[in-house]
Each structure stands twice: as structure tokens, then as C-alpha cells.
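> no sequence on this one, just coordinates:
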């Protein structure tokens, strides 16, 4: 879509400025038919002078009253943004002028937030969501009440139409009555949906700049102020600029320096937010890549630990709870035996999964103890007691042994 050329899609969608090389971002301007084309051009020039491209949605008259038309324009806007942001991601700022918020802008929010019932939208719109870093409201948002038709029909821009003032006034009142009746019968239920969508834009994490006036008869100051306060209650970063005495959509014309200064500062803030988002995303991607190997190693270690733990539990399940402590080679009290000192101080533990019976007076007992052990030895009481896994075992204890002895130490006979 070339700059300045109207779109074939309908709804008056076109690029007011489209420079790829030196663009700082994209300002999406939502306007209604009540704004003259020459007046809309001044906003395009303002953002162009600040280095921003502008995508314009100059909605038709019925877009503000038929949600299906507004939805169609919203999809066209999002698809156009996706094509551009795929080539070069950049900050995107939504600019709502007067009733342009109702003619298309609120439907864009519904699509991005996925709050339209029965609708599934492509995941590529997430790219647009990530790039939205600001919202600007000029002479809006407009509260769609029953006297909206009268306000627009009797607006000074319409009364300036050449011809008899009485005829113009009569036609205007007729149009106003028709709009009021149409709104009451079909569109009053959309009022809550409209404001909910505007408030949901807080979830995008972008700041707000609201330009208003105490002399605005279509977007009264108390309505705009209430909207600003609600956004702040929902956690929005809001800056409200009040331009006293300025008529509806006349803020830039009557306060060009202050208006330009406010917009310039806000666009710089939006660009900074976008830069921070990109840096955060790059840092997260780098961290994920760096942690990939560590996570893999950790998973391997956990798997090994689980295997070792299972083997240990399996080994404990088959091992007996008691151990035999067998004596080492014969102790030499005079230190002349060939056994080493280390063998004399060490007890060997023999774990038997299924231990056989052991008798001190059997042939095996004679071999282990070198000599035949008598049944009664002075100072010792040798007898069979208890069992180990159902098998009897020999135990020996002194007449007054200290508690806690777990092994059998052979005395020198």
C-alpha cells in the first residue's frame, strides 16, 4: 500500500507516511468521517516531522454504529501492521481522534486481547501486541450516549455547509433523531463492551497520553477525566493534558507548541519502552540458551541419583539386619605374632544374604577358631541363642559384659 493512497479494502485505510530507512516507529491514527481530510493531514505531518510513519484508518460514518464494519477495518489494520513489523519490528502508538475509538480502535483491542466471543485469531497478532508501546487520545474517547447524533449533526463544521441555515438545521435534527432511535434500539448494549475494550488496553503495558479541553462539547471534560482515573485505577500510566478553551479536535490548532511538545515527549517514552522490551527479550533468549546445557546436565545427574538410590534400596531390602564380626588372626599380647597392628585393630564385617548355621563345636568352628572351643570356659558363657533369619547362631558374652558389643572377640586360650 503506497503512502497517501487509499486502500482497496474499504474503510479509508492508507499510509499517510511510509519511510523504511529513517522511521522511528508507526503511529496508527484512528479517525472518523467527522474529521475533514485536510485536518487529518495535519496530524500526519506532525508525526512525519517527528520521524514516525503513520497508518491512517479514516472510518466511514456507519463504522461507529455497525460493529461488523469496525471489525473488518480492525483486521485490515492488524494485517497491515503484521506485514510491516515482520520486516522491521518497531514501536507502535495508537492515536484515537474523537469517535475513531468507536469506529475501529476498540475492535483492534478486542482482537489483540482475544475477547471477541466465538472468534479465533492468528498468533501472529502477538507481534503487534509486543510492539504497542503507547496510546494517545485527542478529543476522546467519545461517550456514545443518546444525544450523540445531535452533537454531531449540529456540529459547527456541519452548520458551515453552504445554504439556508434553517434547512441545514432541519436536516440535521432529522438525522439526529434517526441516529438516536437507531442507537437506542440496537446499540445501547454495546456501550459496556466499548468501554471494557478501552480499559482492557491497560493490559498491553503501554502508557497513555490524553489531550482534552474544558470546552469540548462532544467529549466533555468530566467524561475524559473519569476515563483517565479509571485507567489509573487499573494500573495504567496516564498523563492528562488539559488545554483550556479549545474546541473539539482543535487542540493542535490552538496550542501547537504545547501539543507538539507533549506528543514529542510521549513518543520518546514509547520508543524507550520498546527498546527495553527488546533488550529483555534478547536477555531471556540468551539466558535460555546458556541454561540449556546446565539443565541437561542436571537432568542426567538426577537420573543417576535416582538409579543409585533404587540400587541402594534394593540392596538394603535383601541384606540381613545383623552382621557377624569374625575375629582376626590370633592376638599376640607380647607383640611377637606375625599379624600386623592394623589387623589387630580392625574388625571385618561379613554380610550374608542367606547365612548358614554356625556352631563353635563343628568342624567349621574348629577351623575358624584354630582349636576346639570347649563348651565352658572360665569367665565365659558360650551358648546358642536366638536366630538369624530363622537360623540359630552362636553368641558369647562375659558374665558382666559392657553393653553395645556387636562382635565376638576370641580370648587367648
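Arrived safely, thanks for sending. Predicted, not measured: the structure shown is a model, and the values here were computed from it.

> Touching the helix or strand residue 110 falls within from outside, list them.
Element membership of residue 110 [criterion: DSSP states H and E] is helix 106-113. For helix 106-113, the surrounding residues in contact (CB atoms under 8 Å, 6 or more residues apart in numbering) are 67, 70-71, 73-75, 77-78, 94, 116, 119, 121, 125, 128-129, 132, 194, 197-198, 200-201, 203-204. Every C-beta, even on glycine, is put in place using the N, C-alpha and C of the backbone.

> Show me which of the residues you listed are buried.
By neighbour count, with 16 or more other CB atoms under 10 Å, the contacts of helix 106-113 hold 67, 70-71, 73-74, 77-78, 94, 116, 125, 128-129, 132, 194, 197-198, 200-201, 204 as buried.

> hmm, who's touching the helix or strand that the helix holding residue 110 is followed by?
Proceeding N to C from helix 106-113, the next assigned helix or strand is helix 125-131, under DSSP H and E. For helix 125-131, contacts defined as CB under 8 Å, 6+ apart pick out 78, 81-82, 85-86, 89-92, 111-112, 204, 274, 277.

> averaged over its residues, what pLDDT does helix 125-131 have?
Mean per-residue pLDDT for helix 125-131: 92.

> Repeat that for stretch 88-100.
In this model, stretch 88-100 has a mean pLDDT of 94.

> how long is that stretch end to end?
Across its full length, stretch 88-100 reaches 27 Å end to end, with CA to CA, to the nearest Å as the criterion.

> and residue 27, that one's in a strand?
Yes - residue assignment for residue 27, taken from DSSP: H, G, I helix; E, B strand; the rest coil, places it within a strand.

> buried ones in the helix holding residue 110?
Buried positions in helix 106-113, judged by neighbour count with 16+ other CB under 10 Å: 106-113.

> Name the nearest of those residues relative to residue 211.
Checking these against residue 211 with CB to CB, the nearest one is residue 106 at 18.6 Å.

> Okay, strands next: where are they in the stretch 151-300 of the chain?
In the stretch 151-300 of the chain, the segments counted as strands under DSSP state E, counting those that start in this stretch are 208-212, 238-242.

> List the contacts of the first one.
So the one you mean is strand 208-212. Applying CB under 8 Å, 6+ apart, the set of residues contacting strand 208-212 from outside is 134-139, 219, 221, 224-225, 227-228, 231, 236-243, 251, 259, 262-263, 266.

> could you give the angle of it to strand 238-242?
Orientation check (axes from the mean of the first three to the mean of the last three CA atoms, to 10 degrees): strand 208-212 against strand 238-242 gives 20 degrees.

> what residue ranges in the stretch 1-150 of the chain score low on pLDDT?
Using pLDDT under 70 as the threshold, the predicted model of the stretch 1-150 of the chain has low-confidence ranges 1-11, 116-122, 145-150.

> coming back round to it: switch the buried residues of helix 106-113 over to JSON lines; also include distance to residue 213.
Output for those, formatted as JSON lines (distance: CB to CB, whole Å):
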{"residue": "106", "distance to residue 213": "22"}
{"residue": "107", "distance to residue 213": "27"}
{"residue": "108", "distance to residue 213": "26"}
{"residue": "109", "distance to residue 213": "25"}
{"residue": "110", "distance to residue 213": "29"}
{"residue": "111", "distance to residue 213": "31"}
{"residue": "112", "distance to residue 213": "30"}
{"residue": "113", "distance to residue 213": "30"}
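
> Show me which of those residues is closest to residue 282.
Closest to residue 282 out of the buried residues of helix 106-113 is residue 112 (23.2 Å), distances taken as CB to CB.

> Any figure for the gap between that closest one and residue 27?
17 Å (CB to CB, to the nearest Å).

> Any idea how many residues pack against residue 49?
Under the neighbour criterion other CB atoms under 10 Å, residue 49 is assigned a count of 11.

> go on, residue 190?
One way to gauge burial is a neighbour count; for residue 190, by other CB under 10 Å, it gives 16.

> Identify the residue nearest it in space, chain neighbours excluded?
The spatial neighbour of residue 190 that comes closest, neighbours along the chain excluded (CB to CB, 6 or more residues apart in numbering), is residue 67 at 6.6 Å.

> Just to check, that neighbour is in contact with residue 197?
No - no contact is recorded between residue 67 and residue 197 when judged using CB atoms under 8 Å, the distance being 10.7 Å.

> What segments of the protein are helices?
Remark: helices of the chain, listed N- to C-terminal, are 37-49, 67-87, 100, 106-113, 125-131, 148-153, 156-159, 165-182, 190-200, 221-233, 251-254, 256-318, 341-345, 363-369; assignment by DSSP state H.

> Contacts for the first one next, please.
The list of residues contacting helix 37-49 from outside it, by CB under 8 Å, 6+ apart, reads 16-17, 27, 29, 31, 53-54, 56, 58, 95, 97, 249, 252-253, 260, 263, 267.

> Give me the buried subset of those.
Burial by neighbour count, judged by 16+ other CB under 10 Å, picks out 16-17, 27, 29, 31, 53-54, 56, 58, 95, 97, 249, 252, 263, 267 from the contacts of helix 37-49.

> Low-confidence bits of the stretch 201-350 of the chain, can you list those?
Going by pLDDT under 70, which is the cut-off in play, the stretch 201-350 of the chain has low-confidence ranges at 287-350.

> Just confirm residue 101 contacts residue 139, I think it does.
No - counting by CB under 8 Å, residue 101 does not reach residue 139; the two are 10.0 Å apart.

> All set, thanks.
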